[in-house]
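# sequence isn't available, so here's the structure alone:
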């Protein structure tokens, strides 16, 4: 029955809930499909985290293993919930459990208020029993469905001898007749109850709304069929969607609307809940599909209430004064007995709420209020002064602030202390979550400083639900996680009752797809473990170790590994040993314990070596447990050892943990793995699929730890299994096989080159060097690594012979894989070069011809969508590396077919092809000179010079890069066109703001200035200097570095005076980045042209009373003495007064920069006899150790370190000795900071400075009193 358009949402909600309640009460058979969908512990869901790919996802990967190439191209979504997949979204299904009792607390709380450890274990046991019951129901339901399918395909209208039809060969009538009788249909829908059936006008029967009636009058399609509405079956009913569509002469027509809708008609969209209606399809394409939400969300309902509140709110006295005249009226007080009757649902309508909170559109220029000063409130947010606006989803967390703003003075004074603290905390959290950066910083500091005042209960009750919000963004999560991390140090052991709550929120960070997020989660759990202690952490996570949901167990295993890293692996080893060897309650607990060992190995690395034997014992316990469980299971009749049952899961986890331990401890620790070699080796010969992949991974990681003799034996025995599994269709197993082949090939002496060539090489390229595998990037990387490892043993000739045909393949991904292997093969300096491409006995000229032909084919068929690295395509890099390795043998092809093809491609109308040709010229330019083909290179330079007017910036950047390579190869003297014609064409290009064009143009100008500056007039160089100043604003660091180096070359060419005046004038600009790089350019000019040409102008410029200029001069002096080193000793006494003046300046930036300059001056004056000037500088640096700015403190400590090297640690120690035990804490902190620096710098030099112990052991005392220092 359709609901009217003006129906209240709550009425619609109640009706739908009533319908669903009836549906749930139909029959147990109808409930089984829902149980199957709700349950989340099926074996298929375990595949998500049990794959071999997940074990390869160590804590250094930026991208997750389960994300395909398509998902990596999706733009980054700020809201976390919108980019999560089904597995990661399970975090929102977990609930924040009530606080748990702290057994270590001295204050005993009421047992009813907090749950005990026994209560938590009882709840976990109940959850496991419920999950087991659901699995049993699901199994029986699937078996029942299978029986229905078998019976329905065997019996047709009582004809047992007739061959059974396939499902798609059955007509609609036969489907109806094939359904047995006498049972309620299983596939019942919510529209099939009595109240929603429309009786037929003739027969009084009701059609089921889940199917279309066979005819308008209810007449069957054939004489032998029975109407579907009257059929009841012993088995599950087949619907009309199970049959092949067929035309029938009795096809029914769509029922028309009478007094009521026919039960078979499609319900209106207004009566459906969201997601239950069938999407409409329009052939015209101009209609908008109807979708009316059955129930408004919480945020929409809140906005609607606020909208009504803004319209119906009472007018205040101030507003009435504005509307009504202030004279001639009397304000009558309400009677004392009057009390307004308000409905609870309309309570919010009597509160004032500004329009800015509604999230609706409002004109910015005019005010829509009644009053000139703001109308509905003086604050635009309506939350009080200084609070940021709320988002729609924030009202459920910060709704108390809305009511607090409308309280009167008496109501505010009646608030309890707990309520006041709660409102204060909510205000601070709102500022932290939605405020500006300065507001967030202040709010975070206030919450951390007042953490003990708020208390852990209030803090976590307000912060943790924010982290579970579905609209949480990355930045908000980062701020909240950092807040929790900081308040842990304030609360210390007060967090113990809330450990599990925090873990529920933080554990999902450990499996996030972003590396930074995983690091945040590990840091927070580590600090939580240090604050709460090992016993509390184990007690909080113990019930989750055998949790029925695999997601919870996965997060728990990673969290336990972080706790082990924080508190020490030995502290957790007894618990891990007990959990891994546990045989009570199922396989979940050992599985989680073994996976914890795996994550510990991944995070600790070689740190597992002191505890390797114990960790291997914990991991190998799964093999023993699996064997016992397998024996019991096989005794029940299940003989398939390759299925992924519970014992296989534990065995797989054990193998993966052993592999992680072996990789972490390599190349040591083979003694600890001796006991697991036999069970692993026996399992390899029997296992298949994922279990075999795990065992191969373990054996492949253990073999490199063995001695050469044992490694050779095991590797030879493993070859048949590896070769057999190269043809497997399982992606995980295939990747493991490739990794094992690479490991065996890299072991020195394990497999000889002849054995690799005869046994491994041909199967490897036959089964793994294929088009299909070239599409998967992770597999491509492993295949290339494996082929490279084989080539290093057998030589490049056989590998290149198998490689060249792939360069001419029509599949672009296959060609790219071959080009990558060819490039890495040459760069790896494989013993046998690329000239043996056609075989060891072939002529080099023939081999080079095949190589050139293959590379030119790949060049002509390069994909337009191919990604670039460092501005170069893969084919350009491969051609430059491979052809360059051929040397003089490439000469017959270089001046002929290669040059002609590049010239032709430079004239192509496609910008991509022109860019590609220019990149190849840049890579091959040195090869033309090596082959004495100068004329061909000059001809290409002339063509490129004509294309300097290219309109596409990427193509122009490649052309300039090619010209730079030609100038570098030919030299400026043989360059054609000459430099005097080339440089004026480059000057206007410097204004181009494209990064690639800027970088290569500046590099080319700098090379010309360094080698052929006399070919251009000084006026042209000054023009270039002014253009280079603009490039100091570039975002890319390489451009700024190239620009300041060019200043040095130009100053050397035309003299430093003009260039220096230009740079000093640039110190007055407002942009800090430009000023900093200007100071670096001044220092480079002084290094190139000697400091005496620059220092007088710098010291004169310091007299300008402008902070930016003076700071720039000080920074230039700092960089100058850093670059010139010991040469600066001649100018030390000249700059000392300037540095002393800066060290006494009121501006802390002056003192910071001057301290940095003192450091470089001192480091360049060690042992050169300038101690008097350095001691004078030390006297002026020392008072700055009490500065509060961290940047100034760092600069001062660095200056003291440099002075300690020049003057000796003893001199500096005399300054701090009295401060080490000073009564003022700030003095002691500064003194001990410097002392620690001196202790690390020269501990042996401080020994004579330590005081004597008086007459202790006076008989054996030996000392030289004249060496004592007296303060």
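Everything's here; your move. Because the structure is predicted, anything quoted here is derived from the model rather than measured.
# ok, residue 892 - how many residues close by?
Look at residue 892: counted by other CB atoms under 10 Å, it has 15 neighbours. For the C-beta atoms, the positions are set from N, CA and C on the backbone; glycine is no exception.
# for residue 886, see how far away it is.
Note on residue 892: its distance to residue 886, by CB to CB, to the nearest Å, is 11 Å.
# what of residue 787?
According to CB to CB, residue 787 and residue 886 sit 21 Å apart.
# and those two? which has more neighbours close in?
For residue 787 and residue 886, the more surrounded residue by other CB under 10 Å is residue 787, and the numbers stand at 28 against 23.
# which of the helices or strands spans that one?
helix 777-794 (DSSP states H and E).
# check which helices and strands that helix sits against.
On a contact count with 3 or more CB pairs under 8 Å, 6 or more residues apart in numbering; DSSP states H and E, helix 777-794 meets helix 731-746, helix 762-767, helix 796-807, helix 812-827.
# do you know how far the closest residue to residue 619 other than its chain neighbours is from residue 874?
With CB to CB, 6 or more residues apart in numbering as the criterion, residue 619 has its nearest non-adjacent residue at 3.8 Å, and that residue is residue 657. Noted for residue 657: a distance of 38 Å to residue 874, by CB to CB.
# what is the burial count for the residue nearest to residue 619?
For residue 657, the neighbour count with other CB under 10 Å is 30.
# again with residue 1123
18.
# so that it lines up with my notes, have the first residue be 30 from now on.
Let's use 30 as the start, then, which means that last one is residue 1152.
# got a list of what it touches?
By CB atoms under 8 Å, 6 or more residues apart in numbering, the contact set of residue 1152 is 1112-1113, 1115-1116.
# secondary structure class for it?
helix (DSSP: H, G, I helix; E, B strand; the rest coil).
# buried stuff in the helix holding residue 816?
Neighbour-count burial for helix 806-823 flags 808-809, 811-823 (criterion: 16 or more other CB atoms under 10 Å).
# what of stretch 1179-1198?
1179-1194.
# so which of these sit within helices?
The helices, defined by DSSP state H, take in 1179-1192 from the buried residues of stretch 1179-1198.
# let's have those residues in JSON lines, adding distance to residue 829 and pLDDT.
JSON lines is the format used below for these (distance: CB to CB, whole Å; pLDDT from 0 to 100):
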{"residue": "1179", "distance to residue 829": "64", "pLDDT": "87"}
{"residue": "1180", "distance to residue 829": "64", "pLDDT": "91"}
{"residue": "1181", "distance to residue 829": "58", "pLDDT": "91"}
{"residue": "1182", "distance to residue 829": "58", "pLDDT": "92"}
{"residue": "1183", "distance to residue 829": "61", "pLDDT": "92"}
{"residue": "1184", "distance to residue 829": "59", "pLDDT": "93"}
{"residue": "1185", "distance to residue 829": "54", "pLDDT": "93"}
{"residue": "1186", "distance to residue 829": "57", "pLDDT": "93"}
{"residue": "1187", "distance to residue 829": "59", "pLDDT": "93"}
{"residue": "1188", "distance to residue 829": "54", "pLDDT": "93"}
{"residue": "1189", "distance to residue 829": "52", "pLDDT": "93"}
{"residue": "1190", "distance to residue 829": "57", "pLDDT": "92"}
{"residue": "1191", "distance to residue 829": "57", "pLDDT": "93"}
{"residue": "1192", "distance to residue 829": "52", "pLDDT": "92"}
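# tell me the one of these nearest residue 1019?
Set against residue 1019, the nearest of those by CB to CB is residue 1182 (30.7 Å).
# the closest one contacts residue 1171, correct?
Yes: proximity of residue 1182 to residue 1171 meets the contact threshold set by CB atoms under 8 Å, at 7.0 Å.
# for the biggest helix by length in the chain, packing partners?
Using DSSP H to define each element, the chain has its longest helix at helix 146-181. When contacts are defined as 3+ CB pairs under 8 Å, 6+ apart, helix 146-181 packs onto helix 57-67, helix 563-574.
# going by mean pLDDT, which of those helices comes out lowest?
When the helices and strands packed on helix 146-181 are ranked by mean pLDDT, helix 57-67 comes last with a mean of 36.
# residues contacting residue 1202?
1161-1162, 1165.
# could these go into a markdown table alongside distance to residue 1276 and pLDDT?
As requested, the contacts of residue 1202 are exported to a markdown table (distance: CB to CB, whole Å; pLDDT from 0 to 100):
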| residue | distance to residue 1276 | pLDDT |
| --- | --- | --- |
| 1161 | 31 | 90 |
| 1162 | 34 | 91 |
| 1165 | 32 | 92 |
